[in-house]
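A.B. asks: quick one, what's the 3D model for this:
(chains A and B)
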Amino acid sequence: MENQIIAAVLVSIVAFFTVFTITPYLIKFLEKRNLVVKDYNRKGGAMVARPGGISIIIGVIASELVLYAFFPSIHILAIVITSSLAFCVGIVDDRRVMGGWFKPIALAFCAIPILLLGAYDPELTFPIFGSVKIPVLYIGLVIFMIPITGNTINSIDVLNGIASGFTSIASFALSAALFVMQNYEIAIASLALGFVSLAFYKYHKFPSRIFPGDSGVLVFGATYGSIAIVGHVEVIAAVALIPAIMNSFLFLSSMKKIIEHRQIKNPTFLSDDYKLGATHDKDAPITIVRLIVAGKPLTEKEIGTVIFGLAAFSGVLAVITAFWMSV
Amino acid sequence: MIPWQVFAFVSAMWLLILLGGALIVTVLGPFSFGGFVGLDPILNSGIKVAIALSLVSVWILILSAIKNWIFKKQIKS
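C.D. replies: Alright, predicted model coming up:
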């Protein structure tokens, strides 16, 4: 147990301070090379550095390798490889505008190392009632899981700080759930993701100094998804992610197809006092932000607080689910 | 302030996940079609997969209905 506590503390420190230290240098580097995009929701339309995925993946790899030094298991290795591959997919999408189907298909390939390393247990465990063994179907689940978590986190990357803040809350909740289930190694792996995203949030929160880009959000999503698979907590991970899944569900049920986010009509409008309100455009998708501002326009910061409140609520539901799984 | 409808929808999704899990573990998992007509185990699993996927479709329809009911006002705005 002492070893696990030392590992948890060291991994958390490495995860947080790697990203916290590297990101300011990355911001300067990106700004120098004019790798910036306009933040349309901000007064004056400030130019913000992008992509921040580079510091995120360095943080993930560094912290997970420290964990690997303590507990050399294929599970940790599978997380590192899957996250790195997702970063490669994201960086391609950051540099070139790819079609709507590129990310789901490319992310499906990122899941292959988990299968090749055999870092999974083909049982799906549900709270209270137990588990079902699904050897063949589970392979399909692994292949689908990474694109789903990757694109789900990507879909909520709509306002300053939302993707990193949300990932941080969901990862800490998943970590707590894994501790409850006494799966300490993977709990620490999830803790690392929580601290990586928390450190990035420091620069990503309103007003953003850097955006994660596709490379950043796909690393968040793929790391989260691979932790869920190797940690054998797929259902709990889904529960902690409900607000983001809800956003994807609302979007798909209103748009009826998968399209690249750059082609989507804006579901919100910016008022003169820089508040976001719900659009009246019938062709615009229904999203979680559109629902939140349907009652009255809110500032970007206020919307962020609402979404983080929902993430915390789902996190509590995830931990309750973990307790029920231990029954 | 978070609109109560969003909380309600999150809770509904959570309950549907738990209910779906319960159905799969207690009903679909242990059930064997082979017992009636001597089906091949692979075919038996295939039928279970088809039923599980149908359940997913039913869940999506239920969620859509809940979405329309809970967010009636917001969706119209």
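
A.B. asks: the strand or helix carrying A:Ser248 and chain B, are they touching?
C.D. replies: A:Ser248 is part of helix A:242-255 when elements are defined by DSSP states H and E. Yes - counting by C-beta under 8 Å from any C-beta of the partner chain, chain B is contacted by helix A:242-255 at A:Ile242, A:Pro243, A:Ile245, A:Met246, A:Phe249, A:Leu250, A:Ser253. (Each C-beta comes from the backbone N, C-alpha and C, glycine too.)

A.B. asks: identify the residues contacting the first one.
C.D. replies: Counting by C-beta atoms under 8 Å, 6 or more residues apart in numbering or on different chains, A:Ile242 touches A:Ser314, A:Leu317, B:Val10, B:Met13, B:Trp14.

A.B. asks: next one, pLDDT for A:Glu300 please.
C.D. replies: At A:Glu300, the pLDDT value in this model is 88.

A.B. asks: out of the residues of helix A:242-255 next to chain B, which end up buried?
C.D. replies: Buried by 16 or more other C-beta atoms under 10 Å in any protein chain shown: A:Ile242, A:Pro243, A:Ile245, A:Met246, A:Phe249, A:Leu250, out of the residues of helix A:242-255 next to chain B.

A.B. asks: looking at those residues, spot the one nearest chain B.
C.D. replies: The shortest approach to chain B among those belongs to A:Ile242, at 5.1 Å (C-beta to the nearest C-beta).

A.B. asks: run a quick neighbour tally on the nearest residue in space to the closest one that is not next to it in sequence.
C.D. replies: Closest residue to A:Ile242 apart from its sequence neighbours, by C-beta to C-beta, 6 or more residues apart in numbering or on different chains: A:Ser314 at 4.5 Å. A:Ser314 has 27 neighbouring residues, counting by other C-beta atoms under 10 Å in any protein chain shown.

A.B. asks: now name the helix or strand holding A:Ser314.
C.D. replies: helix A:300-325.

A.B. asks: for that helix, which positions count as buried?
C.D. replies: A:300, A:302-304, A:306-311, A:313-315, A:317-322, A:325.

A.B. asks: how far away is the residue nearest to A:Ala322 when sequence neighbours are not counted from A:Glu185?
C.D. replies: Of all residues not flanking A:Ala322 in the chain, A:Ala177 sits nearest, at 3.5 Å (C-beta to C-beta, 6+ apart). Distance of A:Ala177 to A:Glu185, given as C-beta to C-beta, to the nearest Å: 14 Å.

A.B. asks: next, A:Lys133: phi, psi?
C.D. replies: Dihedral pair for A:Lys133: phi -90, psi 120, per degrees, to the nearest 10.

A.B. asks: what about the residue nearest to it when sequence neighbours are not counted, how many residues nearby?
C.D. replies: Nearest residue to A:Lys133, sequence neighbours excluded (C-beta to C-beta, 6+ apart): A:Glu123, at 5.1 Å. A:Glu123: 14 surrounding residues under other C-beta under 10 Å.

A.B. asks: contacts only, for A:Glu123.
C.D. replies: Applying C-beta under 8 Å, 6+ apart, the residues near A:Glu123 are A:Ser131, A:Val132, A:Lys133, A:Ile134, A:Tyr138, A:His232.

A.B. asks: do you know the pLDDT at it?
C.D. replies: You'll see A:Glu123 listed with a pLDDT of 84.

A.B. asks: dihedrals phi and psi, it?
C.D. replies: The phi/psi pair for A:Glu123 (degrees, to the nearest 10) is phi -120, psi 140.

A.B. asks: no more questions from me, cheers.
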